[in-house]
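S.K.: would you be able to build a 3D model of this:
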Amino acid sequence: MAIGIETPGQFAELVGILKKRRWQILLPIFFGVALGAAVGVFVPKKYEISTTVELRERSVAAEANSRTPKTPSTSREITNAENHIKHFKRIREVIEDEGWPDYVLLNGVQKAEFIERVKDNLTVNVMAKRKDEGSTFMDITYLASDPERGERFLSKLSHLWVEEVVDRERTALREEARGLQDQVVEAYKAFTAASREVLRLVNEGQLSPTEIDPGKERPANDPDFVRWNEQRDRLLALREQQAGYDAAIAKLQATLLVTPEEIPMDLVEQGMDQSAKVMATQAQIGLLRQKQATVTPRNNDYQLLQDQIEDLEDLVATLTASQRATSVVQELVPNKARAEMLAELDRLSVDNAEVGGQIASLAGAIAESEALTTAKSDLKERLYLAIQQRDHLNETHALLASALQEKTLALDALANAYGDPYEFVQDAVAPEKPSQPQPLLIITIGLFAGLVIGLGSSLAAEFARDGYRTAADLARSMNLPVLGVVDRITTRGERAARLIRRSAVGLTSALLIAALLGLTYAYSQRPELLPVEWLACLDEWRAGLR
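M.R.: Okay, here's the model as predicted:
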C-alpha cells in the first residue's frame, strides 16, 4: 500500500512562501523607509499659521463727514470673505511690501504662478452661528515654509483685509483725516518758513515797524529816503555855489588880462636945508674963539680949544656940502590892484576847490544812498510779496485745520457710537514646529507601502504562475495521494548564475538605498559635502514644491 506525502497547512504554506521570498519583501520595505525619510527631508517644511477675527454687526457711516450713520450690515462682507482675503492684488501688495527675494527675481508669469501657490496655501473658515445675531468668528490659516515670513504675511494680509473691506468706510475717513493732517503740517511748515522770510527781510533792511508799508514803494517816513533828498538838495546848493565861484574867477581872470603888472609913480625927493645947523655951529665956533683969546698959545687949553674949533669948522663944511634943493622923479612900481586881484583869485580858487571836493564826496554819498534806497525799495517789494504769501499760507492752514477738526469729530462720533466692527481674537503666531511634513508619519507610510508592495509582488509571483507549485497543490487537484517529490535539478552553473543575479540585485538595491539615505543626510546635516550645483538643483526643486 502506497503512503502519501503529508501536505502542510495553509498558514504554514504562507509562512514558507514569505520565508522563501523574504528579500523580495524586505527590499521594498527598505526602499519605502529610505524614500519616506528622503521625502520627509526634501519636502519643504510648512508651518500652519492661523489668526482668528471676530466680526461684529454694527453701523458704519455712509459718508466721512456724516454725524448720523447709516446702518449697513457687516454680514455682506462675511459672504465674500474668502474671495476678499485671497484677492490677487491684495496678496501681491503684501508680498511686494515684504520684498520676498524668491518673488522679486521672477518674471511676470512666474510671479502670477507664485501668487497662485500662495493662494492655495491660504484657508478661510467661517464658523457657523447658531443665530443670525451676534458676532461671526473667522479663522484664516496660511501654510508657510518660512515661519517668521509667514507670520508677518498673514498678519499684514488679515489687517489689510479688515481695513480695506470690513472697515472700509471708517478707513476711508481715517485716510482723509491722515491726509488732512499731513496737509496741515505741511501748511504750517510753509507758513513758518514764510514768516521767517518776512522777519529775515525786515532784519536785512533794518526796517522799523513804521516803515513796513507794503502799499507804498517809497514811504515818506523812510529815513534813508529823507537823507537821500537832503543830500541831493545840498549837492544842488554846492553846485550853485561852485558856479558862482567859477563866474567870479572867470571875471577876475578877464580883468587880470587887461591889468598891467607895474604902473608909473612920481617920487618927490625933498631938499636938505642945513643953514640952521651951520649957523648954530658957527656960533659955537665964535664962542670958542672968544674963549681962546683969553688964553695964551702956550696954554694947554689953547690947543684943546683950537682942536674943537677945527672940528666944528669941518662940521660946518660938511653941512654946507650936504645942503640941496627939493626934486620930483617918476618910476614903475608893482600894481597893488593886480596883486589884490591875484590874492582874491587864489582865495576863490581855494574855495572853489573845497566846494568841488565837497561835491565829489557828496556825489559818492548820494550814489550810496541811491543804491541803498533802490535796494531797500526792491527789498520792500519782496517783503510785500512775502507778507502776501505768509497771509495766504496762514489762511490755508486755518482752512485745513478746520477741515481736519471736522474729520476728527466725525471719527470720534463714529467710534463712540458704534465701536470697532472687528477684533483680532487670536493674532497670527508661527508655531515652533512645522505642521508639514511629518517625517515619522511619512516613514511609516513608506514602510507600510513597501510592505504592501513586497507582499503583493511576492504573492503575485508565487500564485500567478501556471502549473503546480507544490505536492499539496497536486494532491488537492487530483484527489490522489502523492508518493514523492523530485526537487528541481539545477546545475552548478545555474546556481552560480542565480547567486550572481541575487547578489547584483541586493548590492544595487543596497547602493541605491545607501545613496538616497546619504544624500538625505548630507543635505539636512552636512550640506558642505554636496557640490554647489547639486545644492542649487535641490533647492530649486524644493522651491517648486512650496
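
S.K.: how about the helices in the stretch 101-250 of the chain?
M.R.: According to DSSP state H, counting those that start in this stretch, the stretch 101-250 of the chain carries its helices in the segments 101-104, 108-120, 147-161, 168-205, 223-257.

S.K.: can you list the domains in the chain?
M.R.: For the chain, automatic domain parsing gives the domain ranges 10-44+437-545, 47-167+420-426, 223-254+336-402, 271-325.

S.K.: got JSON lines for those, with mean pLDDT, mean neighbour count and distance to residue 202 too?
M.R.: Any C-beta I mention is one placed from the backbone N, CA and C, and that applies to glycine too. Listed next are the domains of the chain as JSON lines, based on pLDDT from 0 to 100; neighbours: other Cβ atoms under 10 Å; distance: least, Cβ to Cβ, whole Å:
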{"stretch": "domain 10-44+437-545", "mean pLDDT": "75", "mean neighbour count": "14", "distance to residue 202": "67"}
{"stretch": "domain 47-167+420-426", "mean pLDDT": "77", "mean neighbour count": "16", "distance to residue 202": "41"}
{"stretch": "domain 223-254+336-402", "mean pLDDT": "83", "mean neighbour count": "15", "distance to residue 202": "7"}
{"stretch": "domain 271-325", "mean pLDDT": "79", "mean neighbour count": "13", "distance to residue 202": "95"}
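
S.K.: compare those and give me the one nearest residue 186.
M.R.: Among these, domain 223-254+336-402 comes nearest to residue 186, with 8.9 Å by Cβ to Cβ.

S.K.: can you convert the helices of the stretch 101-250 of the chain into a markdown table and add a column each for distance to residue 438?
M.R.: Below are the helices of the stretch 101-250 of the chain laid out as a markdown table (distance: least, Cβ to Cβ, whole Å):
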| stretch | distance to residue 438 |
| --- | --- |
| helix 101-104 | 24 |
| helix 108-120 | 20 |
| helix 147-161 | 16 |
| helix 168-205 | 41 |
| helix 223-257 | 92 |
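
S.K.: tell me which of these sits nearest to residue 284.
M.R.: Proximity to residue 284 (Cβ to Cβ) singles out helix 223-257 among the helices of the stretch 101-250 of the chain, at 60.9 Å.

S.K.: can you give me the strands for the stretch 1-150 of the chain?
M.R.: 47-55, 122-126, 136-144 (DSSP state E, counting those that start in this stretch).

S.K.: okay if I get those as a markdown table plus distance to residue 508?
M.R.: Compiled in a markdown table, the strands of the stretch 1-150 of the chain are given as follows (distance: least, Cβ to Cβ, whole Å):
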| stretch | distance to residue 508 |
| --- | --- |
| strand 47-55 | 38 |
| strand 122-126 | 44 |
| strand 136-144 | 38 |
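
S.K.: right, and those strands - which one's nearest residue 195?
M.R.: That would be, of the strands of the stretch 1-150 of the chain and by Cβ to Cβ, strand 47-55, which comes in at 48.7 Å.

S.K.: which residues does that closest one contact?
M.R.: 74, 77-78, 135-145, 147, 150-151, 154-155, 158, 162, 166, 421-431, 433-436 (Cβ atoms under 8 Å, 6 or more residues apart in numbering).

S.K.: direction included, what does it pair against?
M.R.: strand 136-144 (antiparallel), strand 422-426 (antiparallel) (DSSP bridges).

S.K.: now render the ones you listed as TSV, adding distance to residue 440.
M.R.: Output for these, formatted as TSV (distance: least, Cβ to Cβ, whole Å):
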stretch	distance to residue 440
strand 136-144	19
strand 422-426	28
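
S.K.: minimum distance to residue 525: which of those strands has it?
M.R.: Among these, strand 136-144 comes nearest to residue 525, with 23.5 Å by Cβ to Cβ.

S.K.: let me know the helix or strand that the residue nearest to residue 23 when sequence neighbours are not counted is in.
M.R.: Of all residues beyond its chain neighbours, the one nearest residue 23 is residue 506 (6.8 Å), with distances taken as Cβ to Cβ, 6 or more residues apart in numbering. Taking DSSP states H and E as the criterion, residue 506 maps to helix 492-524.

S.K.: sounds good, over and out.
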